[in-house]
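Chemist: I would like the atomic coordinates for the input below:
(one chain, ligands or ions: 4)
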Amino acid sequence: MRLSDLSQGIAAETAFGNLEITGVTADSRKVAPGFLFVAVPGAKANGVTFVADAKARGAAAVLTDEAATIDAGLPVIPVRDVRRALALMASRFYGERQPATMVAVTGTSGKTSITAFARQIWSAAGFAAASIGTTGVVSPSRDDYGSLTTPDPVGLAKLLSELAEEGVTHAAMEASSHGIEQRRLDAVRLSAAAFSNLGRDHLDYHATMEDYFAAKMRLFQTLLPKGAPAVVFADDLWSDLVVKTAEASGVKVLTVGRKGSFLTLKRLELERWRQIGEIEAEGELHRVVLPLAGEFQMANALVAAGLAIATGVPAAKALAALEHLKGASGRLDLAGTTPSGVPVFVDYAHKPEALENVLSAVRPFTTGRVIVVFGCGGDRDRGKRPIMGEIAARLADIAIVTDDNPRTEDPATIRAAIMAAARGATEIGDRRAAIRHAVAEARAGDTVVIAGKGHENGQTIGEETHPFSDHEEVRAAIGEGGK
Ligand SMILES: CC(=O)N[C@H]1[C@@H](OP(=O)(O)OP(=O)(O)OC[C@H]2O[C@@H](n3ccc(=O)[nH]c3=O)[C@H](O)[C@@H]2O)O[C@H](CO)[C@@H](O)[C@@H]1O[C@H](C)C(=O)N[C@@H](C)C(=O)N[C@H](CCC(=O)O)C(=O)O
Ligand SMILES: Nc1ncnc2c1ncn2[C@@H]1O[C@H](COP(=O)(O)OP(=O)(O)OP(=O)(O)O)[C@@H](O)[C@H]1O
Ligand SMILES: N[C@H](CCC[C@H](N)C(=O)O)C(=O)O
Ligand SMILES: [Mg+2]
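Modeler: Ligands and ions are numbered 1, 2, ... in the order given. The predicted model follows:
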């Protein structure tokens, strides 16, 4: 593609418009001859320092921040917002193709579940649907394991064009605060967006909760077109502020939840493996048996149904589809049952509110003790460690503190920060041993929750990821010593 076509309307015209561009990347290591290298000032490094590397690998030109001064020996295209330009040009390079109906979900917890639910509701309504997020990409023709919650803009542009090519018409994607702030989804044309809730996370990256909130609000203020539907979960502490912010941005707010008016949860009965809700939609009451444990899953289901209805699925059809929802892998996921009938759940709670929610969710059907195994990731928000320690000590009867991706930090130091606030907790660094201990300890009436890793298939220690699955460890532990 000619550089002038690639950059038209995104960057000012330059004298190098006739250059033929063979690819776009922000990673010098991925440059091939003829590529446009986009030098991004990153969180860890500055892309400008890799221009020489990009040139050595055959880059044709460099796109960079207008404030940056680089002596590249290559044509340089300056732009005001380099991350946004990267997203827009990557999309253009891949033909600006995407599923016709795209929605994005933000919030601290529930994004993966909501996007998976939206996909299932659309599918039930007969659409070829996909979900994109933390657990990967699922569509009628793929089930790919993922790594980032919101893919990098180049990968995302390529993926969306492939999904459109495969015939996918509806897709739901997760919009993490990192993703929104780093402009990863600036080129996505959204039909609707949603907010689930806000709790503490990523305060290593965002300076304050207000900054974290503001990053998420960019989804409604900038990315969602005016007049498009914004589905907002109404029962969170931050909901009112989200509604105000979204309304002020000119989008069409649709609230769901007990306090919601688009979908109103009138009544909820919780059972061990399912819950029965009475939901009012367009003045009619629908009885829905949701086959999932945990009240938070009803919240997620309502947001997903709201998105499906907002994008054309009739309300009765969307609500009927809730009766067949499958939980996303590793979200209050029953990984096994011990011979004495103790359910062992694998859950992805790795932040305070999520841990609080999951431990509260299992309490009503636990006649014995709640046993939790959890840890906190290294190279991530340190402030959440004592908070999670306190929650586990308060809401579980037996709390076992273990490792969860220590990355480049000292695992014992991470555990110590959790233990300092987890009165009476037991510390077992080796996650395999911790899971075995929890399962061996459990007796009839108890519930075991292995929190933090959910669907993950590795334990990252230092720079290396070793194969590790909570699901497999639970099954092995039950096989070996479960009572
Ligand atoms: C802190 C953070 O968000 N980092 C993400 C960000 O990196 P960055 O652009 O700031 O890059 P950097 O590492 O500072 O490097 C600067 C630039 O130099 C380039 N470079 C670097 C080395 C080199 O040899 N050559 C080169 O050109 C890099 O490609 C980059 O363009 O943008 C990259 C591309 O989009 C991401 O891959 C990268 O994710 C890292 C791996 C990461 O761990 N991210 C996590 C924290 C994250 O994004 N999490 C969120 C939220 C998770 C949740 O839901 O809780 C997510 O969406 O997954
Ligand atoms: N609506 C909710 N409210 C509170 N906690 C929730 C909610 N939904 C899920 N959780 C908890 O958060 C965990 C993660 O859920 P999910 O993966 O759906 O969220 P997410 O927003 O995608 O998280 P991440 O940002 O880590 O990808 C679940 O395992 C559960 O413990
Ligand atoms: N998307 C989250 C995942 C955290 C999962 C948890 N297992 C951990 O490693 O802290 C992050 O990158 O912060
Ligand atoms: Mg997620």
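
Chemist: Give me the secondary structure label for Val288.
Modeler: Three-state call for Val288 (DSSP: H, G, I helix; E, B strand; the rest coil): strand.

Chemist: Only alpha carbons, please: show whichever helix in the chain runs longest as CSV.
Modeler: The longest helix of the chain (DSSP state H) is helix 295-310. Taking C-alpha atoms only, helix 295-310 is exported to CSV below (Å, rounded to 0.1, in the frame of the first residue of the first chain):
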residue,chain,number,x,y,z
GLU,A,295,-24.8,-13.5,41.9
PHE,A,296,-22.2,-11.6,40.0
GLN,A,297,-22.9,-13.9,37.1
MET,A,298,-26.4,-12.6,36.9
ALA,A,299,-25.0,-9.1,36.8
ASN,A,300,-22.7,-10.2,33.9
ALA,A,301,-25.6,-12.0,32.1
LEU,A,302,-27.8,-8.8,32.4
VAL,A,303,-25.1,-6.7,30.8
ALA,A,304,-24.6,-9.2,28.0
ALA,A,305,-28.3,-9.4,27.4
GLY,A,306,-28.4,-5.6,27.3
LEU,A,307,-25.7,-5.5,24.7
ALA,A,308,-27.5,-8.2,22.6
ILE,A,309,-30.8,-6.4,22.8
ALA,A,310,-29.2,-3.1,22.0
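
Chemist: Need the per-residue pLDDT for the residue nearest to Arg274 when sequence neighbours are not counted.
Modeler: Closest residue to Arg274 apart from its sequence neighbours, by Cβ to Cβ, 6 or more residues apart in numbering: Pro291 at 4.9 Å. Every residue, glycine included, has its C-beta placed from N, CA and C. What the model reports for Pro291 is a pLDDT of 95.

Chemist: Who does Val370 form a beta bridge with?
Modeler: Thr447 (DSSP bridges).

Chemist: That one contacts Leu395, doesn't it?
Modeler: Yes - in this structure, Val370 is within contact of Leu395 by Cβ atoms under 8 Å, at 6.9 Å.

Chemist: shared neighbours, these two?
Modeler: 359, 363 (Cβ atoms under 8 Å, 6 or more residues apart in numbering).

Chemist: check whether stretch 393-410 contacts ligand 1.
Modeler: No - residues of stretch 393-410 are not located near ligand 1 by Cβ under 6 Å from any ligand atom, the shortest gap being 9.2 Å.

Chemist: For ligand 2, tell me whether that stretch is touching it.
Modeler: No - remark: stretch 393-410 sits outside contact range of ligand 2, by Cβ under 6 Å from any ligand atom, the gap being at least 12.0 Å.

Chemist: Convert that stretch to CSV, retaining C-alpha atoms only.
Modeler: The C-alpha trace of stretch 393-410 is given here as CSV (Å, rounded to 0.1, in the frame of the first residue of the first chain):
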residue,chain,number,x,y,z
ALA,A,393,-8.9,-13.9,56.2
ARG,A,394,-12.3,-12.4,56.8
LEU,A,395,-14.4,-14.4,54.2
ALA,A,396,-12.7,-17.8,54.2
ASP,A,397,-12.3,-20.2,57.1
ILE,A,398,-9.0,-21.5,55.8
ALA,A,399,-6.9,-19.2,53.7
ILE,A,400,-3.8,-20.5,52.0
VAL,A,401,-1.4,-17.9,50.5
THR,A,402,0.6,-19.2,47.5
ASP,A,403,2.4,-17.9,44.4
ASP,A,404,0.6,-16.5,41.3
ASN,A,405,3.0,-15.5,38.6
PRO,A,406,5.7,-13.9,40.8
ARG,A,407,7.4,-12.7,37.5
THR,A,408,10.6,-10.8,38.3
GLU,A,409,9.7,-10.2,42.0
ASP,A,410,10.8,-12.3,45.0
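
Chemist: give me phi/psi at the residue nearest to Arg274?
Modeler: Its backbone dihedrals place Pro291 at phi -80, psi 50, with angles given as degrees, to the nearest 10.

Chemist: Could I get the buried residue list for the lowest-mean-pLDDT helix or strand in the chain?
Modeler: The weakest-scoring helix or strand in the chain, judged by mean pLDDT, DSSP states H and E, is helix 209-218 (a mean of 88). Of all the residues in helix 209-218, those buried under the rule 16 or more other Cβ atoms under 10 Å are 212-218.

Chemist: do stretch 50-62 as well
Modeler: Residues 50-52, 54-55, 57, 59-62 are the ones in stretch 50-62 that count as buried (16+ other Cβ under 10 Å).

Chemist: what do you get for stretch 427-444?
Modeler: 427-428, 431-432, 434-439, 441-442.

Chemist: repeat for stretch 282-292
Modeler: Under the neighbour-count criterion of 16+ other Cβ under 10 Å, stretch 282-292 has 286, 288, 290, 292 buried.

Chemist: Same check on stretch 330-349?
Modeler: By neighbour count with 16+ other Cβ under 10 Å, stretch 330-349 contains the buried residues 330-333, 335-336, 338, 342-349.
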